[in-house]
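Asker: Below: sequence and its predicted model.
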4 protein chains.
Amino acid sequence: MPSKTAPLRKKITLALDDSSRDRLSITVNLLIIGLIIISIISIVLESEPSISGTYGHILRYIDVVAVSVFSVEYLARLWIAPDLPKYKDLPPSKARLKYAMSPMAIIDLLAILPMLLAFISVDLRFLRILRLLRIFKLTRYNSTITTLLTVLRNESRSFAAACFVLVIMLIIASSFIYLIEGKTQPEAFGSIPKAMWWALITLTTVGYGDVTPITPMGKVFGGLITVIGIGIVALPAGILASAFSEQLHKNKDNYRDAVKQALLDGVITPEEYQHLKTLQEQFDIEPEEANKILQNQMAMSSKNQSAKTDACPHCGKSLPAKLIDIDQPE
Amino acid sequence: MPSKTAPLRKKITLALDDSSRDRLSITVNLLIIGLIIISIISIVLESEPSISGTYGHILRYIDVVAVSVFSVEYLARLWIAPDLPKYKDLPPSKARLKYAMSPMAIIDLLAILPMLLAFISVDLRFLRILRLLRIFKLTRYNSTITTLLTVLRNESRSFAAACFVLVIMLIIASSFIYLIEGKTQPEAFGSIPKAMWWALITLTTVGYGDVTPITPMGKVFGGLITVIGIGIVALPAGILASAFSEQLHKNKDNYRDAVKQALLDGVITPEEYQHLKTLQEQFDIEPEEANKILQNQMAMSSKNQSAKTDACPHCGKSLPAKLIDIDQPE
Amino acid sequence: MPSKTAPLRKKITLALDDSSRDRLSITVNLLIIGLIIISIISIVLESEPSISGTYGHILRYIDVVAVSVFSVEYLARLWIAPDLPKYKDLPPSKARLKYAMSPMAIIDLLAILPMLLAFISVDLRFLRILRLLRIFKLTRYNSTITTLLTVLRNESRSFAAACFVLVIMLIIASSFIYLIEGKTQPEAFGSIPKAMWWALITLTTVGYGDVTPITPMGKVFGGLITVIGIGIVALPAGILASAFSEQLHKNKDNYRDAVKQALLDGVITPEEYQHLKTLQEQFDIEPEEANKILQNQMAMSSKNQSAKTDACPHCGKSLPAKLIDIDQPE
Amino acid sequence: MPSKTAPLRKKITLALDDSSRDRLSITVNLLIIGLIIISIISIVLESEPSISGTYGHILRYIDVVAVSVFSVEYLARLWIAPDLPKYKDLPPSKARLKYAMSPMAIIDLLAILPMLLAFISVDLRFLRILRLLRIFKLTRYNSTITTLLTVLRNESRSFAAACFVLVIMLIIASSFIYLIEGKTQPEAFGSIPKAMWWALITLTTVGYGDVTPITPMGKVFGGLITVIGIGIVALPAGILASAFSEQLHKNKDNYRDAVKQALLDGVITPEEYQHLKTLQEQFDIEPEEANKILQNQMAMSSKNQSAKTDACPHCGKSLPAKLIDIDQPE
């Protein structure tokens, strides 16, 4: 059997491979992306009574098409899992099971699951929200999101600390405003949980203005909290700015290391070139920048190479190259 | 014919060249800048009935003058296009066509086009907006805008990722608040598209307060969204901060490379100096900073020069010069 | 007596040591953290009349348990103070006194003090707020908060300058809006202190909208203040971003120095490895990053080692080692 | 005459020198700072009718005292101007004239001028605002403000570009919302200037909510403007973050250069140490950091020194030090 279906499976693998630049695969992936977007828009519009009244049948038809395509896509991806490079060495059934457990496969499953739930009756409005989760299918197609997620994961401890600061400030702000304005505006500040609404809206500098302190002391304290709010807002901006900067340098360092590695034998083979090209895209490095790194490293490499043939100043015999091969810590 | 008009064309080229420091060109360009600003202000004021009623004729007169001058300017720039350095090697007609297709020429055309449209009757208010587009003519005169645009282009993938995050959050926030408050406040949260207004105003921390959740659960969820809003606002700030930092280093590196290049022969000729001066302005490097880079490079160059020719001062044998010629990649 | 209680004290020291990975100590610390969080939530809920009416007795019971446990914890920590590494060389009584004066001990005391104040009758609502201060007990368990506090302390002068700018802008904004709108809206802008509420809400971009300028000139000036507000908000974000970036580099430099120190004798002993592990966590460096630094330094160290002992492999004469031992300040 | 008054002038110079750590000068400067703050508070409170009615005479008395002290201070500073280091080489009258033209002297004059204007009758409320300008007197005592101003001046072109972007966005936002909502809400969006109020409040993410779009198309466009608003707010934050980072590095480089200069002769004399101490404070470098730079440079210097005595590997005679004295471009 595998001998019969293997060519078809290979073709589907190529068609679904979003990193290839094959014409077929680009067409297939663009169609899927388009269908995701259309289906998201139709779910959003369906919630509007005036639209779902008139165009309801079209929207429902779009959803049926979308779920059918996504189901076929899900099954196809499950079927071709053994052909994926990372599951190469596993037996087919195990490869499929492992793929089914991967985050992308779960997202794909979530995109079609609500349709199945509709047969057992569930609240229609909640179902609609569930269907919207298929927007996460788009993350497959955006490589910068991966960088973003890496940064967020690396800085998770800093963000946790920032959240801790926010919680402490929230509790302090809400409990003091409850003390100060609790009796004047019992509706808004009558208890600490109630006062938290105002505190959060103020600390995040959103400032709806549906609840504001009215006593002089409440205004003084409220003003203080707005100032602290600037700091609260500045924290994640500062963390992200330094993290992005750091990630940029790390990506460049990694690319430079890869170039160094490729240049160990003095030349860059076509395969190495292809590999560097892939890394450059993966690390989000601009072509111009990548080129500069490459040239710098080639210049250094040729220097090292010539040094290898240079002689000891005492006896004229050649010296070990490492004397001039100084690694730079930063 | 070219022999007759050539001197005039050269003079106009000089007068319109915004990078020269010629007296005539400064005067001409300041006049154009002033006319752009006056004409923008007059269009803005014209929309106010109380002003256009009294001073309408003056404002209309200003516009006629502005359009006339801008038309002359447009035709003049088109005429002198063959004299521009970048179109030097093209035949005149091709140079003009190419210039007419350049972004700056299109902006210049947009500044005068609405006047022509007025002859075929169009909605007057829409025409007014179109005329305002002439504000983009000012970008010609601001070199820092170019740096800004470079940064934005380099980081376009990051901004796209940030927008993608915003869209996902917008859909999640609006669909959940629709679930939670849809029945309590049908006017504001009765459908996902309606709820998006609140979600966007909250996620961007603008917080008008015209629509706010009122149920306890809506407030808890709304509070969560305000916190996510801080993150959404922090993303572009972080991206820009790291991008500006990077651009600054790149500009300095480029300037340093140019200085190195100029110093290859050991001296900086007046032409090279002029070229460095232009680069310094183009790269937005402060004079003090540029001077420091120049001195550092000159010191290194003289060291290299002497090292290359220097033998050991005692025994006359040549010393391994490359031992000190260490390039630093960062 | 010390010989009798010493083993128990040692055991308690281990159980309370939050940096150890002993099973007992993890259990004890998780229990304390859990109790802090539960007790904070119960105090917050108690302030809500509808909840304290029904579940008041449960909440009061939780508080009694919490205060009891925190009291035992406080006394236990006081008792074991002489066993802490930093108080090793002091006599027990002095160690305890010194510990009692430390910030963490004072926070622990504040967590139980309000209960004692309850016996002498104080305003119940104020007491509630005081009890909330026990949230600071959690700072003991978050190492990133320490980094955050270090950054804030290092940048305290910058933040003071930012606050100074805010105060100047606050005074200018409130006094001018008082001049402009004082007579039109005496309720909101009738005096400079009154106008400060609007000025602060605007400068921090919170923008409640409970008070807004209504005259044309007031709106022009108000618009100007909102633009200045962007700058005010950008200041701390900029300071924090550059400070975090700086702290990151400092932490890495310190870690690199420690690795260098450990490698002075050419090998990393298990004790040194343990020490580096602790430093890595303390400096918030990712394992991957730490590993890279370690490998770089080991490569450099082995190079230096060989250089120091190496003679030219051909003629046996020693080579000038320091020629390649170049320290890089940045 | 100079021989008679010279000692007194010297004493006053010392007493007013805010950078010295003399007891007298600290006392005098603290008194002046206190008086500035008290006088600012009293002016602010005086504008509140309920306070000025009861305590008006006290506030007026405070102002008389403040103006008297500030006048004496102004005259004293004018008198001692010839003793200031920077005016050392000028004749006394010229030194005083030059000092009177300096920004700090003009601020000092502005602090006392309004009192004199009171004799010729001016609007009392405007006078009050003028008196508030004395808050700028405090800038003399905050060295970090100087760093801040340097950064702002260096980045003035970037901020101008950011303002230009804001103005373009403001015009686009207000003209389109005028097109969309002009007929529905003529009060708020009836003309472009009127619509600018909403556009500015939204672009700066202040979001009062006194004016909001109500038509569906207005809300869609308004939502777009809030997203652009995030970018507008991110611009100055990004500029400042990269500028602060840059300034930090520049300050450290300058300090390192000064240390290098001081170490040229191999030792740091007490005078040099004092000079470095002053620079460290001026450049806002932490003591710990400064110490590290100092030690690094001393280690490098000693290496250079020993290199000077080291020999050519060929003939055993000493080599020129510059071979290992490698300048680092960054």
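Answerer: Everything's here; your move.
Asker: Please make it C-alpha for all contacts and neighbour counts, starting now.
Answerer: Will do.
Asker: Please give me every residue in contact with A:Ile239.
Answerer: Residues near A:Ile239 by CA atoms under 8 Å, 6 or more residues apart in numbering or on different chains: A:Glu155, A:Ser158, A:Phe159, B:Gly238, C:Leu240, C:Ala241, C:Phe244.
Asker: which of the residues you listed lies closest to A:Ile38?
Answerer: Lowest distance from A:Ile38 to the contacts of A:Ile239 (CA to CA) belongs to B:Gly238, with 31.6 Å.
Asker: what's the angle between whatever helix or strand that closest one lives in and helix D:216-262?
Answerer: In this structure, B:Gly238 is located in helix B:216-262 according to DSSP states H and E. Computed by axes from the mean of the first three to the mean of the last three CA atoms, to 10 degrees, the angle separating helix B:216-262 from helix D:216-262 equals 50 degrees.
Asker: And helix B:216-262, how far out from the chain middle?
Answerer: Here the centre of helix B:216-262 is set off from its chain's centre by 17 Å, with CA atoms, centre = their mean, to the nearest Å.
Asker: Not counting its own residues, what contacts the very next helix or strand once past that helix?
Answerer: Downstream of helix B:216-262, the next assigned helix or strand under DSSP H and E is helix B:270-282. Outside helix B:270-282, the residues that touch it by CA under 8 Å, 6+ apart are B:Ser143, B:Tyr255, B:Ala258, B:Val259, B:Ala262, B:Glu286, B:Pro287, B:Ala290.
Asker: Tabulate the CA atom coordinates of helix B:270-282 in PDB.
Answerer: Taking Å, rounded to 0.1, in the frame of the first residue of the first chain, the C-alpha atoms of helix B:270-282 are listed here in PDB:
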ATOM      1  CA  PRO B 270      39.000  68.200   0.000                       C
ATOM      2  CA  GLU B 271      36.600  66.200  -2.200                       C
ATOM      3  CA  GLU B 272      36.600  63.300   0.200                       C
ATOM      4  CA  TYR B 273      36.000  65.800   3.100                       C
ATOM      5  CA  GLN B 274      33.100  67.300   1.200                       C
ATOM      6  CA  HIS B 275      31.700  63.800   0.600                       C
ATOM      7  CA  LEU B 276      32.100  62.900   4.300                       C
ATOM      8  CA  LYS B 277      30.300  66.100   5.300                       C
ATOM      9  CA  THR B 278      27.400  65.100   3.000                       C
ATOM     10  CA  LEU B 279      27.300  61.600   4.500                       C
ATOM     11  CA  GLN B 280      27.400  63.000   8.000                       C
ATOM     12  CA  GLU B 281      24.200  65.000   7.400                       C
ATOM     13  CA  GLN B 282      22.600  62.200   5.500                       C
END
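Asker: Give me the buried positions along it.
Answerer: Across helix B:270-282, burial judged by 16 or more other CA atoms under 10 Å in any protein chain shown covers B:Glu272, B:Leu276, B:Lys277, B:Leu279, B:Gln280.
Asker: ok, now stretch A:76-91?
Answerer: The neighbour-count check on stretch A:76-91 (16+ other CA under 10 Å) flags A:Arg77, A:Leu78, A:Trp79, A:Ile80, A:Ala81, A:Pro82, A:Asp83, A:Tyr87 as buried.
Asker: ok so, going back, among the buried residues of helix B:270-282, which one lies nearest to chain C?
Answerer: Nearest to chain C among these: B:Gln280, at 24.8 Å, using CA to the nearest CA.
Asker: Can you tell me how far that closest one is from chain D?
Answerer: Going from B:Gln280 to chain D by CA to the nearest CA, to the nearest Å gives 14 Å.
Asker: residue contacts, A:Ile80?
Answerer: Here A:Ile80 is in contact with A:Arg9, A:Lys10, A:Ile12, A:Thr13 (CA under 8 Å, 6+ apart).
Asker: host element of it?
Answerer: Using DSSP H and E, the element containing A:Ile80 is helix A:49-80.
Asker: how far does that helix sit from the chain's center?
Answerer: Distance, centroid of helix A:49-80 to centroid of chain: 25 Å (CA atoms, centre = their mean).
Asker: Toward the C-terminus, what is the element adjacent to that helix?
Answerer: Sequence order places helix A:92-100 as the next helix or strand after helix A:49-80, per DSSP H and E.
Asker: Show me what counts as buried in that next one.
Answerer: By 16+ other CA under 10 Å, the buried positions in helix A:92-100 come out as A:Pro92, A:Ala95, A:Arg96, A:Lys98, A:Tyr99, A:Ala100.
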